[in-house]
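A structural model of the following input is requested.
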Amino acid sequence: MTQYDVLCIGNAIVDIIARCDDAFLRDNQIIKGAMNLIDAERAEHLYAHMGPAIEASGGSAGNTAAGIASFGGSAAFFGKVSSDHLGLIYTHDIRAQGVAFDTRPLADKPPTARSMIFVTPDGERSMNTYLGACVELGPEDVEAEKATGAKVTYFEGYLWDPPRAKEAIRLTAAHAHRAGREVAMTLSDSFCVDRYRDEFLDLMRSGTVDIVFSNESELKALYQTSSFEAGLEAIRKDCRLAIVTRSEKGSVVLSRGETEIVDAIEIAELVDTTGAGDLYAAGFLYGYTSGRTLADCGRLGSLAAGLVIQQIGPRPMLSLKEAAEERGLI
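Alright, predicted model coming up:
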């Protein structure tokens, strides 16, 4: 019997979110709109200079797991924290969202990862991430029962940075495929794609990954093209199912024989784009694992993404299940 709809694997990160202006980004040499990996010294410097902040458990795949649970789906998560204050916050928060999280924490050091996220008035987020304990996730943390019991295993491209995490992902994928399950990934960030283009393409072409989530800039980076249409045709050939998000333009869902164009939902105000792609994946995967059409999966993704960008923070503050029911999507 299937134990979970989706198993998510990712960096267990506490998000520290603050508003700022573009001048702050320039003065502190922060690349706008990107995820910048930083060391402990840089993390302390930015924390000391940022304004009032909200602290919440985050991380791309963790956000997706929380979104799936908010829809009423069953989700599990693999990710590494330390047994420190932030690690306790992360563990409590993700479990409180209804996600099964049993990865054993580190005894002490390195400390739990944190990401300082600066949100500019246009809603764009610029992430500065100290990975800390995340880099210690390894094959010993793979729970075979969860890997074989989830309909879909989903991992974030960001996790391809720490080398031992690659072993954990490949082991989990092997468990999943032996059990007849599927494996999905998100490309995460165009800078991440630039670092690992060949490896990401190999994951897709070798069949290690069945489903790929991407945004428009990541798609173009993956195939080193300026043509969105050329990127779509290339990714259609390289994986069984691809989902490409385009912010306010909606999304495109591609299989070998099907193309679905899905509109974004109308929003009252753009507040913070943090977690938009993560929540889109949550809606899509919830729909996918409950047997809905690809078009309806995309609509659930658009709903979740559209709701989360109207709030501060990447975790849904209201029930996505209730929101979907109100709109007749479930």
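
Quick one: low-confidence residue ranges for the stretch 201-330 of the chain.
Within the stretch 201-330 of the chain, not a single segment meets pLDDT under 70.

Quick one: the helices in it, in order.
Assigned helices in the stretch 201-330 of the chain, in chain order: 216-223, 228-238, 276-289, 294-308, 320-326 (criterion: DSSP state H, counting those that start in this stretch).

Name the residues of stretch 34-45 that are buried.
For stretch 34-45, a neighbour-count test (16 or more other Cβ atoms under 10 Å) marks 35-36, 38, 42-43 as buried. All C-beta spots, glycine's among them, are computed from the backbone N, C-alpha and C.

Kindly apply the preceding question to stretch 24-37 instead.
Neighbour counts using 16+ other Cβ under 10 Å place 24-25, 28, 30, 33, 35-36 of stretch 24-37 among the buried residues.

Tabulate those (JSON lines), appending secondary structure, pLDDT and distance to Ser214.
Shown next, in JSON lines, are the buried residues of stretch 24-37 (DSSP: H, G, I helix; E, B strand; the rest coil; pLDDT from 0 to 100; distance: Cβ to Cβ, whole Å):
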{"residue": "Phe24", "secondary structure": "helix", "pLDDT": "96", "distance to Ser214": "29"}
{"residue": "Leu25", "secondary structure": "helix", "pLDDT": "96", "distance to Ser214": "25"}
{"residue": "Asn28", "secondary structure": "coil", "pLDDT": "95", "distance to Ser214": "29"}
{"residue": "Ile30", "secondary structure": "coil", "pLDDT": "95", "distance to Ser214": "24"}
{"residue": "Gly33", "secondary structure": "coil", "pLDDT": "88", "distance to Ser214": "16"}
{"residue": "Met35", "secondary structure": "strand", "pLDDT": "81", "distance to Ser214": "15"}
{"residue": "Asn36", "secondary structure": "strand", "pLDDT": "86", "distance to Ser214": "20"}
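
Check those and tell me the two furthest apart.
Based on Cβ to Cβ, the longest span within the buried residues of stretch 24-37 runs between Phe24 and Met35 and measures 17.4 Å.

For the protein, which segments are assigned as strands?
Assignment of strands within the chain using DSSP state E yields the ranges 4-9, 13-19, 35-37, 54-58, 75-78, 99-101, 113-119, 125-130, 150-156, 182-186, 211-215, 241-245, 251-255, 259-262.

Format those as CSV; extra columns: distance to Ala144.
What follows is these, written out as CSV (distance: least, Cβ to Cβ, whole Å):
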stretch, distance to Ala144
strand 4-9, 11
strand 13-19, 25
strand 35-37, 30
strand 54-58, 25
strand 75-78, 11
strand 99-101, 14
strand 113-119, 25
strand 125-130, 29
strand 150-156, 11
strand 182-186, 15
strand 211-215, 21
strand 241-245, 25
strand 251-255, 29
strand 259-262, 34
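
Tell me which of those sits nearest to Phe284.
Of the strands of the chain, nearest to Phe284 by Cβ to Cβ is strand 241-245, at 6.0 Å.

Would you mind getting the angle between the closest one and strand 211-215?
For strand 241-245 against strand 211-215, the angle by axes from the mean of the first three to the mean of the last three Cα atoms, to 10 degrees is 20 degrees.

which residues touch strand 241-245?
210-216, 219, 231-232, 235-236, 251-255, 276-277, 280-281, 284, 294, 298, 301, 305 (Cβ atoms under 8 Å, 6 or more residues apart in numbering).

Now do Glu248: how many residues are near it, please.
12 (other Cβ atoms under 10 Å).

Pro316 too?
Counted with other Cβ under 10 Å, Pro316 comes out at 23.

That one reaches Leu279, doesn't it?
Yes. If you go by Cβ atoms under 8 Å, Pro316 and Leu279 touch, sitting 6.9 Å apart.

if I look at the two, which residues touch both of them?
67, 304, 307-308.

Considering the residues you listed, which possesses the most neighbours?
Ranked by neighbour count (other Cβ under 10 Å), these have Gly67 at the top, with 35 neighbours.

Excluding residues flanking it in the chain, which one is nearest that one?
Ala282 (2.7 Å; Cβ to Cβ, 6 or more residues apart in numbering).

Now do the contacts for the one you found.
Taking Cβ under 8 Å, 6+ apart as the test, what Ala282 contacts is 63-68, 70-71, 301, 304, 320.

could the residues you listed be laid out in a markdown table, adding distance to His177?
As requested, the contacts of Ala282 are exported to a markdown table (distance: Cβ to Cβ, whole Å):
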| residue | distance to His177 |
| --- | --- |
| Asn63 | 25 |
| Thr64 | 20 |
| Ala65 | 21 |
| Ala66 | 26 |
| Gly67 | 25 |
| Ile68 | 21 |
| Ser70 | 28 |
| Phe71 | 25 |
| Gly301 | 24 |
| Ala304 | 27 |
| Leu320 | 29 |
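
want to throw the buried residues of stretch 24-37 into JSON lines with distance to Ala165?
Rendered in JSON lines, the data for the buried residues of stretch 24-37 read as follows (distance: Cβ to Cβ, whole Å):
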{"residue": "Phe24", "distance to Ala165": "32"}
{"residue": "Leu25", "distance to Ala165": "29"}
{"residue": "Asn28", "distance to Ala165": "28"}
{"residue": "Ile30", "distance to Ala165": "25"}
{"residue": "Gly33", "distance to Ala165": "24"}
{"residue": "Met35", "distance to Ala165": "16"}
{"residue": "Asn36", "distance to Ala165": "19"}
